[in-house]
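A.B. asks: heads up, no residue letters with this:
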């Protein structure tokens, strides 16, 4: 091979390697609908950037098209496969419909400029939606008293939002007490005047979760400095850390186990408030390798569950026996669910929702 051909080959090979080895930014949403916003208030939202390339990704610059938009973004390199949050605060200072662009510049060799749009309407009239804000703690109405992070990977950062409305006659300073190390919270605005809306943005750091499967805790809404913890201001939080299937053997990936459940919505009848209701669900392995039930966890203290076999051969079944003690129905705000985690990579987790109905007395 001549020297010219060798140089051409090397140049082509190098160009191919450069093209292959590069970061790639993918955003969870390119259009954020913020709904109806209250005039002259700061409203927060967020989205996620994930590096789907094979080299670290760096956001070099963020350019909102209006000073009414403030953006916080990660300044450190984002490793391949990892995700990071980008947080946005919008100043709703102008009435009417708005559409604002956020330009995000990265170090990608191509397509290095991305745009995410904020859309919404700013209004002075914000009627209270009593259906949405159905929960109340003190004089503060909330749209949610249960926070669920159902699909968490170790490198994830996820957010949930509690929307607030001050229905009282005095200003409040909303916040959350007793946050575990894997949760952080920020109130927008920090001071909520009577008749105003606000938010508490709760961020979960998957890296701080210590165990696979279900982790549950309670946090507590504070409205004034010195507020105390009680069941009346409790907010239930659950997080599910998914198993890691990247290191599973090749033979298991080619012939996976498959989880099959006879029903994921179990309705039980109970005869009286202080009685127990019982039922069962059949779990079957319809795959080609042994199915391992790695954890069986209840999400409400009124439920107990037991299973006779934790490993199922292909075609094998087992019964999951479920008991609900009606005396403890109101002992927690979490949903009445059972979580099953397995080595089925397609369905690593499954829920069984349990509902109770009063049985009709026999005549």
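C.D. replies: Here it is on my side, so go on. From a predicted model like this one, the values you see are computed outputs, not experimental measurements.

A.B. asks: in the stretch 251-363 of the chain, which spans are strands?
C.D. replies: 259-261, 265-270, 276-285, 291-298, 303-307, 311-312, 317-325, 337-342, 349-358 (DSSP state E, counting those that start in this stretch).

A.B. asks: Okay, strands next: where are they in the stretch 101-250 of the chain?
C.D. replies: Under DSSP E, counting those that start in this stretch, the stretch 101-250 of the chain gives strands at 113-123, 135-137, 140-142, 146-152, 157-166, 175-177, 183-188, 197-205, 213-222, 234-241.

A.B. asks: Please identify which of those strands is closest to residue 77.
C.D. replies: strand 157-166 (15.6 Å; CB to CB). Bear in mind the C-beta positions are built from the backbone N, C-alpha and C, glycine included.

A.B. asks: Which residue is the nearest non-sequential neighbour of residue 109?
C.D. replies: Closest residue in space to residue 109, ignoring its immediate chain neighbours: residue 22 at 5.3 Å, by CB to CB, 6 or more residues apart in numbering.

A.B. asks: quick one on the thing from earlier: tell me which of the strands of the stretch 251-363 of the chain is the most buried.
C.D. replies: Each of the strands of the stretch 251-363 of the chain was scored by mean neighbour count; the highest is strand 337-342, a mean of 22, by mean count of other CB atoms under 10 Å.

A.B. asks: So what angle separates the directions of that strand and strand 317-325?
C.D. replies: Using axes from the mean of the first three to the mean of the last three CA atoms, to 10 degrees, the inter-axis angle of strand 337-342 relative to strand 317-325 is 150 degrees.

A.B. asks: who's in contact with the residue nearest to residue 109?
C.D. replies: 53-55, 108-109 (CB atoms under 8 Å, 6 or more residues apart in numbering).

A.B. asks: Which among these count as buried?
C.D. replies: 53, 55, 108 (16 or more other CB atoms under 10 Å).

A.B. asks: Of those, which is the nearest to residue 349?
C.D. replies: Looking across those and measuring by CB to CB, the closest to residue 349 is residue 53, at 28.1 Å.

A.B. asks: Surely the closest one is in contact with residue 80?
C.D. replies: Yes: counting by CB atoms under 8 Å, residue 80 is a contact partner of residue 53 at 5.9 Å.
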